[in-house]
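Participant: No sequence on hand, only this structure:
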Ligand SMILES: [Zn+2]
């Protein structure tokens with residue numbers, strides 16, 4: 001659930017697929033905002049998180065794997081919510097804001113942040129708006145967080 005600063009809930013919709021492409025995208029209009037989730041790609045990312053967590057933490061402990069998976073999906077939800085709340089179409093701004101929101105709510109430890117970074121960096125080639133790769137996207141996210149703690153709406157106030 002994502003709420004705009006004016007108290008209006010962001011409408012959430014789902015589409016069944018396909019695997020690949022976007023996991024979620026958010027649109028903002030004067031009337032409100034909506035996020036569309038691609039269930040197949042969300043499932044794909046959730047599976048990738050489990051595989052990567054298993055090899056990263058050298059474990060098959062279901063509690064560890066579930067926590068790692070939950071963090072990845074939760075951060076995605078905060079990321080889309082940040083697009084709507086700021087609002088911004090800038091991916092780095094939305095990502096930095098998502099992490100700062102999770103930190104402000106006490107949802108992530110430094111180790112959790114490191115894991116989200118590990119997962120993001122593992123994503124490989126990405127479109128230009130994400131810096132071209134998972135590694136560049138994460139580096140830019142951290143750089144932005146360090147340079148100017150949120151909100152980051154001033155980076156890009158175009159309608160999205
Ligand atoms: Zn985004």
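Facilitator: Sure, I can see it. The structure presented is a predicted model; accordingly, all values stated were derived computationally and were not measured. Numbers count the residues shown, from 1 in each chain.

Participant: outside of stretch 27-35, which residues touch it?
Facilitator: Applying Cβ atoms under 8 Å, 6 or more residues apart in numbering, the contact partners of stretch 27-35 are 2, 4, 8, 10-13, 24-26, 36, 80-81, 83-84, 87, 159-160. Any C-beta I mention is one placed from the backbone N, CA and C, and that applies to glycine too.

Participant: What parts of the protein come near the ion?
Facilitator: For the chain, the residues in contact with the ion (Cβ under 5 Å from the ion) are 91, 94.

Participant: Tell me which residues touch the most centrally placed residue in the chain, please.
Facilitator: Residue closest to the average C-alpha location in the chain (Cα atoms, centre = their mean): residue 76, at 2.9 Å. Neighbour list for residue 76: 23-24, 42, 45 [criterion: Cβ under 8 Å, 6+ apart].

Participant: Closest to the ion out of the residues you listed?
Facilitator: Nearest to the ion among those, counting by Cβ to the ion, is residue 24 at 7.6 Å.

Participant: separation between that closest one and residue 94?
Facilitator: Counting by Cβ to Cβ, to the nearest Å, the separation of residue 24 from residue 94 is 11 Å.

Participant: who has more neighbours, those two?
Facilitator: The residue with more neighbours, out of residue 24 and residue 94, is residue 94; 26 against 19, by other Cβ atoms under 10 Å.

Participant: mind checking which helix or strand the more buried one is in?
Facilitator: helix 91-104 (DSSP states H and E).

Participant: next helix or strand past that helix?
Facilitator: Per DSSP H and E, the first helix or strand lying C-terminal to helix 91-104 is helix 110-121.

Participant: list the helices and strands that next one packs on?
Facilitator: In terms of contacts (3 or more Cβ pairs under 8 Å, 6 or more residues apart in numbering; DSSP states H and E), helix 110-121 is packed against helix 39-56, helix 62-85, helix 91-104, helix 134-147.

Participant: switch to 6 Å and redo it
Facilitator: Contacts defined by 3 or more Cβ pairs under 6 Å, 6 or more residues apart in numbering; DSSP states H and E place helix 110-121 against helix 39-56, helix 62-85, helix 134-147.

Participant: Turn the ones you listed into TSV, including mean pLDDT.
Facilitator: Below are these laid out as TSV (pLDDT from 0 to 100):
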stretch	mean pLDDT
helix 39-56	97
helix 62-85	96
helix 134-147	95
